[in-house]
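In: sequence-free structure coming up:
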DNA sequence: ATTTATACCCAAGTATTTTATGTATATAAA
DNA sequence: TTTATATACATAAAATACTTGGGTATAAAT
């Protein structure tokens, strides 16, 4: 994803959140969306994204609709019912994670 | 560390921050400190921590002082000069990471 | 004509962590 | 007093996620 190790483990959560928000997206669109939202700070590589999408599909979290647009293949992914439920858990975990990391890092305000 | 994948990649940053704050700590102390600070939500496993400490030492980020306390071995770790400089970078990266993740996840406030 | 953008894919290698152990002493509980 | 818990270190195999470096193909821009 980037130079920083910190993004490891966050890819599927990001994907699921984006799909929850946007209904359906295709892989390349996801990479561009993340780049836009983070102003270029986070670049999802295709070598990481596509295997992750396939895995989520195999787990029944995502389902795919293949379409042909301008003579090019597109695979639209969207959350299944199971995936929507999972996303809620993932986002709760992310909030916990962020809160815990802030607690660990935040300078003590005891003065 | 936990059930959530999100903590992957954050271990060394956590360790370095704790050492920056506390001067010197030993491995077991770090595991307990993290458990305390996060109210049990994050448990660093020894299988992850000790190899990480050894690696940071090999990289010249940490240095070790062995002591004998109550007939038990303790290895106190502290940041080297290089380690202190590195820690500043790591914490900046963490702040960027958290900000980016919040941007990705935060519901749009355009209403 | 060549590069950039769009759009998918895989596989080898790397790095981090989990899981499952192992050793040993001190203290608390049954 | 035996057993369990806490303290304190450690390793090594397996699982996991990601990086890096390719590959295929069409459309648009330079």
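Out: Right, received. Where do you want to start? Remember, predicted model here, so these are calculated numbers, not experimental data.

In: The longest helix anywhere in chain A near chain B at all?
Out: The residue-count maximum for a helix in chain A (DSSP state H) belongs to helix A:81-105. Yes - shown here: helix A:81-105 in contact with chain B (Cβ under 8 Å from any Cβ of the partner chain) through A:91, A:93-98, A:100-105. Quick note: C-beta positions are derived from backbone N, CA and C, even for glycine.

In: Run the chain-centre distance for that helix.
Out: Chain-centre distance of helix A:81-105: 12 Å, with Cα atoms, centre = their mean, to the nearest Å.

In: Now do it: which elements does it pack against?
Out: Applying 3 or more Cβ pairs under 8 Å, 6 or more residues apart in numbering or on different chains; DSSP states H and E, we find helix A:81-105 packed against helix A:11-22, helix B:11-22, helix B:27-37, helix B:81-105.

In: Relative to residue A:79, how far out is residue A:85?
Out: Separation of residue A:85 from residue A:79 (Cβ to Cβ, to the nearest Å): 9 Å.

In: Among the two, which residue is more densely surrounded?
Out: Per other Cβ atoms under 10 Å in any protein chain shown, whichever of residue A:85 and residue A:79 has more neighbours is residue A:79, with 20 against 12.

In: what sits against the more buried one?
Out: A:16, A:19, A:20, A:61, A:62, A:87 (Cβ atoms under 8 Å, 6 or more residues apart in numbering or on different chains).

In: Between the residues you listed, which sits nearest residue B:53?
Out: Minimum distance to residue B:53 across the contacts of residue A:79 is 33.7 Å, recorded for residue A:16 (Cβ to Cβ).

In: ok, that closest one touching residue A:82?
Out: No - using Cβ atoms under 8 Å, residue A:16 and residue A:82 do not qualify as a contacting pair, with a distance of 11.3 Å.

In: Now do the shared contacts for those two.
Out: Taking Cβ under 8 Å, 6+ apart as the criterion, residue A:16 and residue A:82 both touch residue A:61.

In: So for the two, which sits in the more crowded spot?
Out: When residue A:16 and residue A:82 are compared for neighbours, residue A:16 comes out ahead with 23 against 13, by other Cβ under 10 Å.

In: Count the residues that sit near the residue nearest to that one when sequence neighbours are not counted.
Out: What sits nearest to residue A:16 in space, not counting adjacent residues and going by Cβ to Cβ, 6 or more residues apart in numbering or on different chains, is residue A:87, at 4.4 Å. Residue A:87 has 20 neighbours, counted by other Cβ under 10 Å.

In: okay, now the residue in chain A that DNA strand D sits nearest to: neighbour count?
Out: Per Cβ to the nearest atom of the strand, residue A:47 is where chain A lies closest to DNA strand D, at 2.1 Å. Residues near residue A:47, counting by other Cβ under 10 Å, number 8.

In: Point me to the helix or strand that includes it.
Out: Assigned by DSSP states H and E, residue A:47 belongs to helix A:46-58.

In: how far out from the middle of the chain is that helix?
Out: In terms of Cα atoms, centre = their mean, the centre of helix A:46-58 is set 11 Å apart from its chain centre.

In: List the buried residues for that helix?
Out: Using 16 or more other Cβ atoms under 10 Å in any protein chain shown as the test for burial, helix A:46-58 gives A:49, A:52, A:53, A:56, A:57.

In: Same list (those residues) but as TSV, adding pLDDT.
Out: Below are the buried residues of helix A:46-58 laid out as TSV (pLDDT from 0 to 100):
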residue	pLDDT
A:49	98
A:52	98
A:53	98
A:56	98
A:57	97
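
In: Cool, thanks, talk later.
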